[in-house]
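1. Sequence and predicted structure, then a few things I'm wondering about:
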There are 2 protein chains.
Amino acid sequence: MTEQPAQTTTAGDPATARGEQTRQLIRDTAMRLFRERGYAQTTMRAIAQEAGVAVGNAYYYFGSKDHLIQEFYAQSQVEHRAAAQPVLDREEAFGPRLAGVLHAGIDVLTPSHGFAATFFKTAAEPTSPLSPFSAESSGPRQAAIDLFGEVVSGSTAKVDAELRPQLPELLWLAYMGVILYWVHDRSPGQTKTRQLIDGAVPLIDRLVALSRLRVLRPVTRQVLDLIRTLRH
Amino acid sequence: MTEQPAQTTTAGDPATARGEQTRQLIRDTAMRLFRERGYAQTTMRAIAQEAGVAVGNAYYYFGSKDHLIQEFYAQSQVEHRAAAQPVLDREEAFGPRLAGVLHAGIDVLTPSHGFAATFFKTAAEPTSPLSPFSAESSGPRQAAIDLFGEVVSGSTAKVDAELRPQLPELLWLAYMGVILYWVHDRSPGQTKTRQLIDGAVPLIDRLVALSRLRVLRPVTRQVLDLIRTLRH
DNA sequence: GTCGGTAGTTGAACACGTTCAAGAAGGGCG
DNA sequence: CGCCCTTCTTGAACGTGTTCAACTACCGAC
């Protein structure tokens, strides 16, 4: 129990929060138990007990059990960004960049497939702050969209001028689609999801290239108008 | 309490189930309360009390609170089929048929938008029997796919021979996408969803027509191969 | 040092979904 | 009528997520 002997503000940490250690302790314990037992099988009492705090204390830092998921969400986004860096440094063509970033996302999530699947249920609820479309998720979401922005901007691909500003968000949406498939993917090692990425990327690549063609201009515009309308 | 005076096997009903009345009573009560208060706010105790039975009795007929949703699911499918009939009788062209059937689906769901939204959360969980992709849902799902089969088969559209067998399921998938959007649609009267349908149908229509073009044949095949791979 | 206020912590209590052992109701058969 | 078996029904009890009034630890101000 009595660890952290003198506290001494572990150097560098701003004086912001006294209970920051507790917060991280609870978060890390929860993540570990989620991975070990799954989301539903991990009780708040178990988290509290393993972390050595009272159950009410967990609720001081996290509004609900679901909010612990958001923590996972944010953490995964950061890991995804890091895992994508080598790809962004190495690749120049649009297709390989996109494929690399998508694969990197799945790489990061793979160890959590078992419990991440069940948690996406909560993310799907529109009213939940956990929804990837919700205001509460706007931080990680924007970071993810920016990542796909880098996929485009750093590439040699020539993109239709009207499509360009929408493309990062569209790619993020495609990524959400990949994750939705991944969540339901019961093939060993989620091989099918990898096939989905490798199959879909060339199509997206071709589609993006085609969007500049004179003859397809009306269709491109029609699609973009529709998307603009549907955004809130 | 003491209604249904003599029982007398209300003529026509097969002698199958003694408690069929109770089952329907619980189901109807649950649906009403879901609509009135929302899913989360409706407790099993409330359902039982309003139906005039014990709480355990509800569990005799429905494995869980979630299973009551499946009842709603099946019921909606039947209503959708009925609402689509006039469209299928009236329209001949592929586009209007598809648009009509999609609109009919949303028509049926609209009164339940408030609570249906929150329930789709459960449907999104892959391990749940409620998932539209699950084995338990295969009945309603196949019925829905067949409905889109009628959209195609009854139309004057000429469809690529390779695409033809996959098309009904693809259209159903698109319908699932529409519902996903509808669930998140907070515009008054879900107007945006209607715009989505009206905007997407011409695109789908055009895409289906284009699939027959010689030059696009490789792409069509590539897409179809991918889809075949990804199906389980 | 002590006072006061904020931040952090506690665990009992609540409402909920769900389970289950016990019983009641119904009907076929001798 | 009495028996037995299946179907149906009951409500108390369990484990869960969550709340909250009370308490403690810390820290700056005087």
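-> That came through, no problem. Worth saying up front: this structure is predicted, and the values here are computed from it rather than measured.

2. where does chain A come near DNA strand C, residue by residue?
-> Contact residues (Cβ under 7 Å from any atom of the strand) of chain A with DNA strand C: A:17-20, A:22, A:53-57, A:59-60. No exception for glycine: its C-beta is placed from N, CA and C like everyone else's.

3. Write the PyMOL selection for whichever of these are buried.
-> Burial among the residues of chain A next to DNA strand C is assessed by 16 or more other Cβ atoms under 10 Å in any protein chain shown; the matching PyMOL selection reads:
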select buried, chain A and resi 22+53+57
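
4. Of the residues of chain A next to DNA strand C, which is the nearest to residue A:28?
-> residue A:22 (10.9 Å; Cβ to Cβ).

5. was I right about the closest one contacting residue A:53?
-> Yes - if you go by Cβ atoms under 8 Å, residue A:22 and residue A:53 touch, sitting 6.5 Å apart.

6. For residue A:87, give its distance to DNA strand D.
-> Distance of residue A:87 to DNA strand D, given as Cβ to the nearest atom of the strand, to the nearest Å: 37 Å.

7. that older thread, so among the residues of chain A next to DNA strand C, where is pLDDT lowest?
-> Checking pLDDT across those, the minimum falls on residue A:17 at 63.

8. tell me, what residue is most central in chain A?
-> residue A:77 (4.5 Å; Cα atoms, centre = their mean).

9. Pretty sure residue A:146 is one of the things it touches, is it not?
-> No - taking Cβ under 8 Å as the definition, residue A:77 is not a contact partner of residue A:146, at 10.4 Å.

10. Let's verify residue A:39: helix, strand, or coil?
-> Three-state call for residue A:39 (DSSP: H, G, I helix; E, B strand; the rest coil): coil.

11. re the thing from before, can you tell me how far the residue nearest to the centre of chain A is from DNA strand C?
-> Relative to DNA strand C, and taking Cβ to the nearest atom of the strand, residue A:77 is found at 25 Å.

12. I'd like to know which elements the helix or strand harbouring that residue is packed against.
-> Here residue A:77 is covered by helix A:65-90, with elements defined by DSSP states H and E. In terms of contacts (3 or more Cβ pairs under 8 Å, 6 or more residues apart in numbering or on different chains; DSSP states H and E), helix A:65-90 is packed against helix A:20-37, helix A:94-109, helix A:113-123, helix A:138-153.

13. Could you point out which of these sits nearest residue B:220?
-> Nearest to residue B:220 among the helices and strands packed on helix A:65-90 is helix A:94-109; the distance by Cβ to Cβ comes to 19.8 Å.

14. Would you mark the buried spots in that closest one?
-> Neighbour counts over helix A:94-109 (16+ other Cβ under 10 Å) mark A:94-106, A:108-109 as buried.

15. can you list the residues of chain A near chain B?
-> A:117-118, A:120-128, A:131, A:133, A:181, A:183-184, A:186-187, A:192, A:195-196, A:199-200, A:202-203, A:206, A:219, A:222-223, A:225-226, A:229-230, A:232 (Cβ under 8 Å from any Cβ of the partner chain).

16. Where strands are concerned, which of those count?
-> Residues of those located in strands (DSSP state E): none.

17. Whichever of those end up buried, select them in ChimeraX.
-> Command for ChimeraX that selects the buried part of the residues of chain A next to chain B, burial taken from 16+ other Cβ under 10 Å:
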select /A:117,118,120,121,122,123,124,125,126,127,128,131,181,183,184,192,196,199,200,219,223,226,230
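
18. hmm, who's touching stretch A:76-96?
-> Residues outside stretch A:76-96 that contact it (Cβ atoms under 8 Å, 6 or more residues apart in numbering or on different chains) are A:97, A:100-101, A:104-105, A:107-109, A:112, A:140, A:143-144, A:147, A:150-152, A:154-157, A:201-202, A:205, A:208.

19. how much space between residue A:19 and residue A:58?
-> As judged by Cβ to Cβ, to the nearest Å, residue A:19 and residue A:58 stand 12 Å apart.

20. go on, residue A:208?
-> Taken as Cβ to Cβ, the span from residue A:208 to residue A:58 is 46 Å.

21. same thing with residue A:215?
-> 59 Å.

22. Over to residue A:196?
-> Distance, residue A:196 to residue A:58, using Cβ to Cβ: 37 Å.

23. same check, this time on residue A:103
-> Counting by Cβ to Cβ - residue A:103 and residue A:58 are separated by 35 Å.

24. Check residue A:184 too.
-> 30 Å.

25. Just say helix, strand or coil for residue A:157.
-> Secondary structure state of residue A:157, per three-state DSSP, is coil.

26. Can you list the low-confidence ranges for chain A?
-> Scanning chain A for pLDDT under 70 picks out A:1-17, A:121-123.

27. So which residues on chain A come close to DNA strand D?
-> A:7, A:18, A:42-45, A:55-56, A:59, A:63-66.

28. Out of the buried residues of helix A:94-109, flag the one nearest to DNA strand C.
-> Closest approach to DNA strand C among these (Cβ to the nearest atom of the strand): residue A:109, at 27.3 Å.

29. For that closest one, list the residues it contacts.
-> So residue A:109 contacts A:76, A:116, A:179, A:182 (Cβ under 8 Å, 6+ apart).

30. Same check on residue A:174?
-> A:200, A:204.

31. switch to 7 Å and redo it
-> residue A:204 (Cβ atoms under 7 Å, 6 or more residues apart in numbering or on different chains).

32. Just the element for it, please.
-> Element membership of residue A:174 [criterion: DSSP H and E] is helix A:167-184.

33. I'd like the distance from that helix to the chain centre, please.
-> 10 Å (Cα atoms, centre = their mean, to the nearest Å).

34. what's the burial count for the closest residue to residue A:118 other than its chain neighbours?
-> Nearest non-adjacent residue to residue A:118, counting by Cβ to Cβ, 6 or more residues apart in numbering or on different chains: residue A:39, 4.9 Å away. Using other Cβ atoms under 10 Å in any protein chain shown, residue A:39 is surrounded by 23 other residues.
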